[in-house]
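Q: output the structure for:
(chains A and B)
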Amino acid sequence: MNPIPVEQLRKTLANKGLVEAIYSSTGRLMTKRQNSIPPEIQDDFQEWREQAHQIKKHTLENLDYYLEQLEENVAVRGGKVIYARDGGEVAEFIVSLAKEKGCRRVVKSKSMTTEEIDLNESLEDAGLETVETDLGEYIIQLAHERPSHIVAPALHKTRYQVGDLFTEKLGVEREEVPEKQTLIARRVLREKFLAADIGITGANYVIADSGAIAIVENEGNARLCSSAPKIQVGIAGIEKLIPRAQDLATFLKLLGRSGTGQPLTVYTSFLSGPRREGEVDGPEEFYLVLLDNGRTRLLEDSAKRQSLYCIRCGACLNTCPVFRKVGGHNYPWIYSGPIGAVITPQYKGISEDPWLPFASSLCGACKDVCPVKIDLPQILLDLRAEAVKAKIRAGEAKLERLAFRLWAWVMRNPRLYEAMSLFSSAITTDEGGSSQNSVPLVFNTGPLKEWLSQRDLPAPPPKTFRQLWKGRSGAEGDSGGQA
Amino acid sequence: MSRDNILHRVRTAIGRSAGQEPEAPPPPLLKIPEVSMDRRIELFSAALEKLSGQAHIAGSQEEAHRVVASLIEGKSAVASNAPYLRECSVTSLPGVFTGYTDGAELREACAQSDVGLTSADYILADTGSLVMLASPEEARLVSLLPPVHIAVVPRERILTGLDELFTLLPNPAERTSSMVLITGSSRTADIEQILIKGVHGPRMVHAVIV
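A: Sure, this is the predicted structure:
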């Protein structure tokens, strides 16, 4: 069990520059999102969301059928589907493929799925040079860090840090201007693309009726990864399936707007199999690796299954008051924000980071922006219940249970309740107001002290409701006892 | 085998048995608005220009030829094998190399050239997108490696948007191994959210509509 990373959180919050960067960039992304959904398309947008939700629901409820259909169609186009239970099996497949074909150099486009299984490390360990080619991913690969945001992985880095990093790792003259830094990366990576034997991409969608994958991006690196090397390997979680190419029309309109406020991202690639007869370029071999890595476990619970609808747009991160304060690195896994708080405990087990579902104000902003209408707050509540049950099973939380039993007992007993409220007004030090100063010192110690250090407890008013009620309608007599 | 293991786990999780037919999925949501040709061209131009690309309207193939000539003057260009480029005789302009059938030669030419010249199978009015289907006539790297991309397209290929595209091509895999929608110039905002154009792909996209 991992505790709340209190020290790390304090460090983040003390770093004013970082806090400001996270807050303002997520804010900008939200503004862009809003601007890309003007009032005249608001009704359409809601219709797309509902459609996307229903398509995902249907696909996951019949996932085995669509997986088999996909396999057949990939084969028809000359490609091959490989199933992998975990990251180890993915790496094993790629390493043995590389050995068989005599490949040494790998270029990669951005993929959260491969981050999830630390693929780069595994491939490097096996002696394959593996280069991230998305600018943000390249920066964090050089810095040996992990992404702090699903869509903008290097959100936490300043241009000055990037300048230092490029000088240190690439031996280039220090540049502080992002445009020039980008040119440096373009030059270095262009060589990598043209020399690579294997191009690895993720997939935003895996399309059953076409045997195809769809990838959205802005830089062009995923296009290069899937065009230049002779072997292409796409890697996707099994939950990325959609039944038909026609469903893309709906999903593409949602994803670009929700992620970066673009009606469409710059490049949308729809790839099915290797190059065909007579084509001058494109991969000669096409593999699609479908990863489980815990997804079948998420599938089991029909209520929480919708966590798998996620299309990784990042909108829930950008709108979340918790994420916007602390950023992605304070979450225990690569998936952060509300969706991270929802899927991490389900992948890793609730006992690993039991505090995570509680790190939310349940304000519901995430649910409002989710393009596939995942009920994130409800799933967080379900996970909280699970976390508490796990604690009780483990024989913990005895004091907490006792406290709530007492509370329940008092609440069930009107006379006792009345006595308690009179007692608490009587011992309150503050007249009205609402600060923890009003809490009698005797309560502000022991286990309650920490709890109260984060909360203001409003002082009870001088008269209780019951007293007021009696005073107002004295003729009606005692009204409390029978309630 | 992992395949059978995963399929078994999926079926157990969702309570289905092998070979069981699913209920029909919700029908696709495709709506094609009525938009006149002039309006489509207007919308396309506005959308592309918002993405720092540029649309050029040419009244004839001769005019398209002139537009391309002025855009590539003094530059080197590689042209795809699209028949429409030959029809507009832009392939015979000075500095234009074309007719590649060898992958290594094409790649070298694309890596060296200032401009990539292609046609496009469709263009989308509402988003300003070029739709490129890979084929022996349209290689992938021509629209990707050179810093400037120019597409010459007859105007009857303009569609209203994604919904019309996927109505015409319900399954693009039947036509091509690779369909790419190009919407503006290659860009990133990965460093401090500052917008920079021309990361790995072209920094400028021109569409010449004939």
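Q: what bits of chain B have low per-residue confidence?
A: For chain B, no stretch has pLDDT under 70.
Q: just chain A next, same as before
A: A:427-444, A:447, A:456-458, A:473-483.
Q: domains in it, by residue range?
A: Chain A breaks down into these domains under automatic domain parsing: A:36-293, A:312-393, A:398-476.
Q: columns mean neighbour count and distance to residue B:154 on top of those domains, output as TSV?
A: The way it works is simple: take the backbone N, C-alpha and C, and place the C-beta from them, glycine included. Below are the domains of chain A laid out as TSV (neighbours: other C-beta atoms under 10 Å in any protein chain shown; distance: least, C-beta to C-beta, whole Å):
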stretch	mean neighbour count	distance to residue B:154
domain A:36-293	21	22
domain A:312-393	21	35
domain A:398-476	12	66
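Q: indicate which one of those is closest to chain B.
A: When the domains of chain A are compared by C-beta to the nearest C-beta, domain A:36-293 sits nearest chain B, at 3.0 Å.
Q: end to end on the closest one, go ahead and measure it.
A: Between the opening and closing residues of domain A:36-293 lies a distance of 35 Å (C-alpha to C-alpha, to the nearest Å).
Q: please apply the same query to stretch A:206-222.
A: End residues of stretch A:206-222 are separated by 15 Å (C-alpha to C-alpha).
Q: one more: stretch B:77-84?
A: Span of stretch B:77-84 from end to end, C-alpha to C-alpha: 16 Å.
Q: before we move on, what about stretch A:287-300?
A: Terminal residues of stretch A:287-300 are spaced 28 Å apart (C-alpha to C-alpha).
Q: same question, stretch A:449-465
A: Note: stretch A:449-465 ends 28 Å apart using C-alpha to C-alpha.
Q: OK, contacts around the residue of chain B found nearest chain A?
A: Closest approach between chain B and chain A, counting by C-beta to the nearest C-beta: residue B:201, at 3.0 Å. If a contact means C-beta atoms under 8 Å, 6 or more residues apart in numbering or on different chains, then residue B:201 has A:219-220, A:223-224, A:266-267, B:143-144, B:149, B:185-186 as its contacts.
Q: do that again at 10 Å, thanks
A: Applying C-beta atoms under 10 Å, 6 or more residues apart in numbering or on different chains, we find residue B:201 in contact with A:186, A:217-221, A:223-224, A:266-267, B:116, B:143-147, B:149, B:182, B:184-187.
Q: so it, which of the three states?
A: coil (DSSP: H, G, I helix; E, B strand; the rest coil).
Q: how close does it sit to residue B:76?
A: Distance from residue B:201 to residue B:76, counting by C-beta to C-beta, to the nearest Å: 18 Å.
Q: now swap in residue A:462 and tell me
A: Using C-beta to C-beta, residue A:462 is found at 87 Å from residue B:76.
Q: what does residue A:201 give?
A: Taken as C-beta to C-beta, the span from residue A:201 to residue B:76 is 30 Å.
Q: equivalent analysis for residue A:43, please.
A: Residue A:43 sits 49 Å away from residue B:76, taking C-beta to C-beta as the criterion.
Q: please enumerate the strands of the chain.
A: The chain I'm using is chain A. With DSSP state E as the criterion, chain A has strands at A:80-84, A:105-108, A:129-132, A:198-201, A:205-207, A:212-217, A:231-237, A:241-242, A:267-271, A:285-291.
Q: hm, I was asking about chain B
A: Using DSSP E, the strands of chain B run over residues B:54-57, B:77-79, B:96-97, B:115-118, B:122-124, B:129-133, B:148-153, B:158-159, B:178-182, B:187-188, B:196-197, B:204-209.
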